[in-house]
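A.B. asks: Sequence first, predicted model second:
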Amino acid sequence: MNKVLLVGRLGHDPWVKTTQGGHSVCSFSLATTAREKVKDEWKEVTEWHRVVIWGRAAEVLAQHCKKGAGIVVDGRLKTREYEDKAGVKQRVTEVICDTWEFSPRTDTPRGGAGYGGNAAGRGRSDGGKPNAGADGDFSGDIPF
């Protein structure tokens, strides 16, 4: 089973692009923290995650979330390869977001109410759409 559930804060404002096929795709970085013991001392350690979301949920997330907003992301991991502009093969692992909502544990707009484009208050992505290429051509994968 490939399942990811993250509770964190956006590292930057999300941005949305539209593919040639008319599908919206949004990407953002998400910071999660955990307490770890390092040499007899407890420290907060931050982990950064690349997140990609598709469809109406992507548009709504970009509209309602800004850098620092706390959200819950439910999705799956996907590792892909692409060739950068210099012709070097790159490998990246991303969280493909299926649903999202504001985190009830953080100070978010609307008092933690969920957003994302449906009546249940959760965002549901229409994942599986084609990704954009490194050169901006939306027929391949987007290198974030």
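C.D. replies: Great, that's in hand.
A.B. asks: how much space between the residue sitting furthest away from the middle of the chain and residue 4?
C.D. replies: Computed with CA atoms, centre = their mean, the residue of the chain farthest from its C-alpha average is residue 40, at 33.9 Å. For residue 40, the distance to residue 4 equals 32 Å [CB to CB, to the nearest Å]. In this view, the C-beta of every residue, glycine as well, is placed from N, C-alpha and C.
A.B. asks: Setting aside sequence neighbours, what's the nearest residue to the residue nearest the centre of the chain?
C.D. replies: The residue lying closest to the centre of the chain (CA atoms, centre = their mean) is residue 51, at 2.2 Å. Leaving aside its sequence neighbours, residue 51 sits nearest to residue 95 (CB to CB, 6 or more residues apart in numbering; 4.7 Å).
A.B. asks: Over to residue 35?
C.D. replies: The shortest distance from residue 35 to any non-neighbouring residue, by CB to CB, 6+ apart, is to residue 42 (5.4 Å).
A.B. asks: Now the one you found: which helix or strand?
C.D. replies: Under the criterion of DSSP states H and E, residue 42 resides in strand 41-54.
A.B. asks: Buried ones in stretch 20-33, by neighbour count?
C.D. replies: Neighbour-count burial for stretch 20-33 flags 23-30 (criterion: 16 or more other CB atoms under 10 Å).
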